[in-house]
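[1] sequence first, predicted model second:
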Amino acid sequence: MKTYIRLLLITAMLVLVVSCHKKERNKSEEIPQIEVAEAMTDSVVLHKTYPGYLSADNSAEVVGKVNGQILTQNYRAGAYVNRGDVLFTIDPTLYRDAVERGRASLASAISSRDYAKDHYEAVKKALEAEAVSKMEVLSAQSAYEQAEANIRDCKAALHTAETNLGYCTVVAPLSGYITDSYVSAGNYISGAAEPVKLAKIYDNSFFNAVFEIEDAQYEKMVGRTSGMASPLYRAIPLQFREKMGHDYTADLTYQAPAVDKSTGTVMLKGKVKNIDNELKDGMYVTVSLPYGKMPKAILVKDASIGTDQLGNYLYLVNDSNKVVYAPIEVGEIFRDSLRVVTKGVKAGDRYVTKALLTVRAGETVKPVTAGD
């Protein structure tokens, strides 16, 4: 009987030990593994974004400067034209006739001048022989000088007539892409009084990214850097509404000499090279203007940051492997995937990178470093 009781006690103790080990194992298995990373530091260039637009570095209106009917349009709308290409022709009849009359008038004036000159030379010699009076010499001199003046008038009139005739052939003032015509062939224009706009040419080789910044931000830009001379402003990042085929940057080349008192802003311009003719005049652009550096910025993965009614937050994991809810303040994106944290986290803090919806503050977790 004693042996039987001893066996029962040993069995009970074994069951108790196995049960405790099983409970401890189950408890260990219930602690979730959570991927974490450490907040890191790096030198970060600070940016502030501004809306802007692109303006062609060089453009020109094509205008008609004479009166007449447009006979031809000699280009295809939207095409690339070279400087000097003939774009329009205007009826030259009246101006060609004016040139012919001007040439005839000049020839007549030259003939009259030659006669007046010979006569003047003759009366000067006659005066030496006292065959004519001094008054006749003065009269001959006046006629000769008047003839010379008449030639100058005729040359000026002929030049005007030739210039107007030249205006009948409208050529490209620069190389670039041309718009559709504002006035089609067959229409009459009155360009003598005021030039009539016929089309516009855009040289799309380079553009200016035009934007305005607050005067206070301009002061930061000057105070924290060496102004436009800083290397920061040689390649200012640009973004468009949609992803373009190439990445674009602007070289800051212009700042307005004065602050606009009505808006309190300063206009800036940066030159942009147009790659494969992707960019167009008037496109809207977002300019990421650098204005300083943070030599030891705190960085975390942007995807790890949550948002609630109080703002942005991270789940940190403390030394006891417990999850801690940490409100944070954030700055700008860095290298596409990292976010600057300006308050709430210090370098080396472990934070949850995944499963943000499943972890809870105060929960004990088994942290696993990303990549392990």
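    Ah, there it is.
[2] quick one: low-confidence parts of the stretch 251-372 of the chain?
    The model of the stretch 251-372 of the chain has pLDDT under 70 over residues 370-372.
[3] where along it do the strands fall?
    All strands of the stretch 251-372 of the chain, identified by DSSP state E, counting those that start in this stretch, fall at 265-273, 284-301, 306-308, 311-317, 323-334, 338-343, 350-352, 366-369.
[4] mind listing residues that contact the third one?
    Spelled out, that is strand 306-308. For strand 306-308, the external contacting residues (C-beta atoms under 8 Å, 6 or more residues apart in numbering) are 312, 313, 314, 315, 356. (C-beta placed from N, C-alpha, C; glycine too.)
[5] who does the residue lying closest to the fourth one once chain neighbours are set aside bridge with?
    What that stands for is residue 315. Residue nearest to residue 315 in three dimensions, not counting chain neighbours: residue 352, with 4.0 Å by C-beta to C-beta, 6 or more residues apart in numbering. Partner residues in beta bridges with residue 352, using DSSP bridges, are residue 36.
[6] how about residue 352, what does it touch?
    Applying C-beta under 8 Å, 6+ apart to residue 352 gives the contacts 34, 35, 36, 304, 314, 315, 316, 317, 323, 359.
[7] save these as TSV, and put in neighbour count and distance to residue 67 too.
    Shown next, in TSV, are these (neighbours: other C-beta atoms under 10 Å; distance: C-beta to C-beta, whole Å):
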residue	neighbour count	distance to residue 67
34	22	83
35	16	79
36	24	81
304	19	72
314	25	75
315	24	79
316	20	80
317	21	84
323	22	84
359	17	81
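[8] let me know the closest of those to residue 290.
    For residue 290, the nearest member of the contacts of residue 352 is residue 304. The distance, counting by C-beta to C-beta, is 25.6 Å.
[9] tell me the contacts of that closest one?
    Here residue 304 is in contact with 37, 314, 351, 352, 353, 354, 356 (criterion: C-beta under 8 Å, 6+ apart).
[10] buried subset of those?
    Neighbour-count burial (16 or more other C-beta atoms under 10 Å) applied to the contacts of residue 304 gives 37, 314, 351, 352, 353, 354.
[11] residue 157 and residue 99, how far apart?
    When distance is defined by C-beta to C-beta, to the nearest Å, residue 157 is 10 Å away from residue 99.
[12] for residue 119, same thing?
    For residue 119, the distance to residue 99 equals 31 Å [C-beta to C-beta].
[13] so which of those two has more stuff around it?
    Each of residue 119 and residue 99 had its neighbours counted (other C-beta atoms under 10 Å), and the higher figure belongs to residue 99 (21 against 17).
[14] phi, psi of residue 99?
    Recorded main-chain torsions at residue 99 are phi -70, psi -40, according to degrees, to the nearest 10.
[15] from residue 66, how far off is it?
    According to C-beta to C-beta, residue 99 stands 13 Å off from residue 66.
[16] for the chain, longest strand please?
    Using DSSP state E, we find that the single longest strand of the chain is strand 40-64.
[17] the stretch 1-150 of the chain: strands as residue ranges?
    Per DSSP E, counting those that start in this stretch, the stretch 1-150 of the chain carries strands over the ranges 33-38, 40-64, 67-73, 80-81, 86-90.
[18] what is the fourth one packed up against?
    Where contact means 3 or more C-beta pairs under 8 Å, 6 or more residues apart in numbering; DSSP states H and E, strand 80-81 is packed against strand 176-178.
[19] avg pLDDT for the strand it packs on?
    Confidence for strand 176-178, expressed as mean pLDDT, is 96.
[20] and the contacts of the following helix or strand past it?
    Moving toward the C-terminus from strand 176-178, the next helix or strand (DSSP states H and E) is strand 188-190. Among residues not part of strand 188-190, those counted as contacts by C-beta under 8 Å, 6+ apart are 64, 67, 68, 69, 70, 90, 183, 196, 198.
[21] for those, pick the one with the most neighbours.
    Result: residue 90 is most packed of those (other C-beta under 10 Å), 25 neighbours.
[22] next up, the contacts around that residue.
    Contact analysis of residue 90 by C-beta under 8 Å, 6+ apart lists 64, 66, 68, 69, 70, 71, 167, 168, 169, 170, 189.
[23] beta-bridge partners for it, please?
    Beta-bridge pairing of residue 90 under DSSP bridges involves residue 70.
[24] now render the strands of the stretch 1-150 of the chain as TSV, adding distance to residue 246.
    Converted to TSV, the strands of the stretch 1-150 of the chain look like this (distance: least, C-beta to C-beta, whole Å):
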stretch	distance to residue 246
strand 33-38	33
strand 40-64	14
strand 67-73	34
strand 80-81	20
strand 86-90	31
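[25] residue 343: which of those strands is closest?
    For these, the distance to residue 343 is smallest for strand 40-64, at 14.7 Å, taking C-beta to C-beta.
[26] using CSV, lay out the strands of the stretch 251-372 of the chain together with distance to residue 109.
    Listed next are the strands of the stretch 251-372 of the chain as CSV, based on distance: least, C-beta to C-beta, whole Å:
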stretch, distance to residue 109
strand 265-273, 54
strand 284-301, 61
strand 306-308, 88
strand 311-317, 88
strand 323-334, 77
strand 338-343, 82
strand 350-352, 95
strand 366-369, 99
